[in-house]
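> Have a look; sequence and predicted model below, questions after that.
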Amino acid sequence: MVFFAGNLAKAKFSNQNDMTFYEKLAAGKKIDYVVIGDSIGRGSGAENESLTWFSQLEKLLSSHYNVQFNRHSIVQSGATAFEGIVKMEKESLPSDFDIAFIVFGENDRKYMSDKQFAYFYELLIRKIKEHNPDSEIVTITESCLSNQNFAEVIKTTSDYYKTVHIDMRIPFDASGLSIKELTKDGIHPNGKGYSLYAQSIFSVLEKASLNSRAISIYPPEPLHTGSDKVFTFITSIQSNNGFQYKKPYYTSLKNSDSLQYRFTGSMVGVTVLRSPNGGKVDVFIDGKFSTTLSTWWPFERVRHQYISSGLKNGEHTLRFVHSNEVKTGTVKISSIIVQTPQR
């Protein structure tokens, strides 16, 4: 199924809900859009909200097409594509949105391999299309992403699903300005840096509209197996040594406290409460050390953190041990996250 769109400013439309993003843009109709991303997705680094990339983009599009916008953000500083999927499933997406922006990669490279990232990035695109098949999707390679393997994943997946793809490293390099001039901290763009985001996105969308870009639903076959599975939250534990339960969290204040779950599947994550009082927790899968997670964050926030994937598809144990790495700190765990077949 393919939906054709173009520069149709003079056309008459009978039903606004049947119009594509480009048709609404050309006709000056209100645009509903979704941002799913990390700190750059939420505009961190801008001196004020008017200088975030999405505010500047709205201003450019409004000036050129006389349109208004309704933004829905599913964003979290430090988030990965995995967390984006979980948050998207737990939060209510608009029933009908016209365009979605995906902004991930910089954090993902810290927690997973490029192959694992490729799986979650594809799954995120498919979830968006399952929710709203005729929506446009814009995938953004962040200006700070230095890992070329992760950048290639974004480009390859974008090409396969025929999304609008924008590599923000290119306009940053071409600007003639230094990273110090374009960012707050070397990672997050400032208002000047976000103006490059807005201008680049605007130019690509304007060209797509003029060229009557077709919006297609995803191909029938996924690039990776397992894309037909959904995330499931497991709250029941197998054993507990020292954690205290106060709904909805198992809480530890002492080093060496442990909490164990049992699950079936090849992937696992965890939902924790991160806060200024957070500590660290060591994670063991089937008795073997896997990773150490931090539950510290500058303010209290529920987080869905990736742990591991590519496990043998069978039954496993997952044990959390309050780490001795820090002398103080609180660990709060509400559930683990696994994938199960879609019913």
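Sure, I can see it. Numbers count the residues shown, from 1 in each chain.

> Neighbours of G287, how many?
Residues near G287, counting by other Cβ atoms under 10 Å, number 8. (Each C-beta comes from the backbone N, C-alpha and C, glycine too.)

> mean confidence for stretch 83-103?
Mean pLDDT, stretch 83-103: 90.

> Counting neighbours, which bits of it end up buried?
Residues of stretch 83-103 classed as buried by neighbour count (16 or more other Cβ atoms under 10 Å): 83-88, 93, 97-103.

> Which residues are in contact with D286?
Applying Cβ atoms under 8 Å, 6 or more residues apart in numbering, we find D286 in contact with H316, T317.

> mind checking the backbone torsions on it?
When read as degrees, to the nearest 10, the backbone of D286 gives phi 50, psi 40.

> Next: the one 3 residues further on.
Dihedral angles of F289 (phi, psi; degrees, to the nearest 10) stand at phi -60, psi 130.

> Isn't it up against V281?
No - contact criterion Cβ atoms under 8 Å: F289 and V281 do not qualify, at 11.9 Å.

> which one of the two has more residues nearby?
V281 (26 against 11).

> Please name the bridge partners of the more buried one.
L293, H322 (DSSP bridges).

> That one and G329 touch, don't they?
No - counting by Cβ under 8 Å, V281 stays clear of G329, with 9.1 Å between them.

> List the residues that are in contact with both of the two.
If you check V281 and G329 against Cβ under 8 Å, 6+ apart, the residues they both contact are T295.

> Check which helices and strands the longest helix along the chain is in contact with.
If you go by DSSP state H, the chain has its longest helix at helix 191-210. Where contact means 3 or more Cβ pairs under 8 Å, 6 or more residues apart in numbering; DSSP states H and E, helix 191-210 is packed against helix 21-27, helix 53-65, strand 136-141, strand 164-167, helix 169-174, helix 179-182.

> and if we set it to 7 Å?
helix 21-27, helix 53-65, strand 164-167, helix 169-174, helix 179-182 (3 or more Cβ pairs under 7 Å, 6 or more residues apart in numbering; DSSP states H and E).

> Run me through the strand neighbours of whatever helix or strand comes next after that helix, direction for each.
Downstream of helix 191-210, the first helix or strand assigned by DSSP states H and E is strand 214-216. Strand pairing for strand 214-216, determined by DSSP bridges: strand 2-4 (antiparallel).

> pLDDT (mean, whole number) over the strand it pairs with?
27.

> neighbouring contacts of the longest helix of the chain?
With contact meaning Cβ atoms under 7 Å, 6 or more residues apart in numbering, helix 191-210 is reached by 6-7, 22, 25-26, 43, 46-47, 51-53, 56-57, 60-61, 138, 143, 164, 166, 168, 171-172, 175, 181-183, 189.

> Contacts for stretch 114-132 next, please.
Taking Cβ under 7 Å, 6+ apart as the rule, stretch 114-132 contacts 36, 81-82, 84-85, 88, 93, 96-97, 100, 102, 104, 108, 135, 137, 149-150, 153-154, 157, 161, 163, 217-218, 222-224, 227, 309-310.

> just for the stretch 1-150 of the chain, where's the confidence low?
Low-confidence segments of the stretch 1-150 of the chain (pLDDT under 70): 1-17.

> Now do the contacts for V75.
V75 neighbours (Cβ under 7 Å, 6+ apart): V35, G37, D38, G41, R42.

> okay, the residues you listed in JSON lines with neighbour count and distance to I201 next?
As requested, the contacts of V75 are exported to JSON lines (neighbours: other Cβ atoms under 10 Å; distance: Cβ to Cβ, whole Å):
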{"residue": "V35", "neighbour count": "22", "distance to I201": "11"}
{"residue": "G37", "neighbour count": "25", "distance to I201": "13"}
{"residue": "D38", "neighbour count": "24", "distance to I201": "17"}
{"residue": "G41", "neighbour count": "25", "distance to I201": "13"}
{"residue": "R42", "neighbour count": "21", "distance to I201": "16"}
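
> Could you dump those into CSV with distance to S203 and secondary structure added?
Output for these, formatted as CSV (distance: Cβ to Cβ, whole Å; DSSP: H, G, I helix; E, B strand; the rest coil):
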residue, distance to S203, secondary structure
V35, 19, strand
G37, 20, strand
D38, 23, coil
G41, 20, coil
R42, 23, coil
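
> N241: which of those is nearest?
N241 has its nearest neighbour among the contacts of V75 in D38, at 34.7 Å by Cβ to Cβ.

> Spatially nearest residue to the closest one (excluding sequence neighbours)?
A79 (4.6 Å; Cβ to Cβ, 6 or more residues apart in numbering).

> For that neighbour, grab the count of nearby residues.
26.

> Double-check that it belongs to a strand.
No - A79: not assigned to a strand; according to DSSP: H, G, I helix; E, B strand; the rest coil it is coil.

> my guess is it meets V35, correct?
No - if you go by Cβ atoms under 7 Å, A79 and V35 don't touch, sitting 11.7 Å apart.

> Would you map out the domains in the protein?
Split into domains by automatic domain parsing, the chain comes to 2-216, 229-341.

> on that earlier part again, report the buried residues of the longest helix of the chain.
Within helix 191-210, the residues scored as buried using 16+ other Cβ under 10 Å are 191, 193-198, 200-202, 205-206, 208-209.

> Stretch 210-217 too?
Going by 16+ other Cβ under 10 Å, stretch 210-217 has these buried residues: R213, I215, S216, I217.

> cool, and stretch 245-265?
Under 16+ other Cβ under 10 Å, the buried positions of stretch 245-265 are Y249, Y250, T251, S252, L253, N255, D257, S258, L259, Y261, F263, G265.
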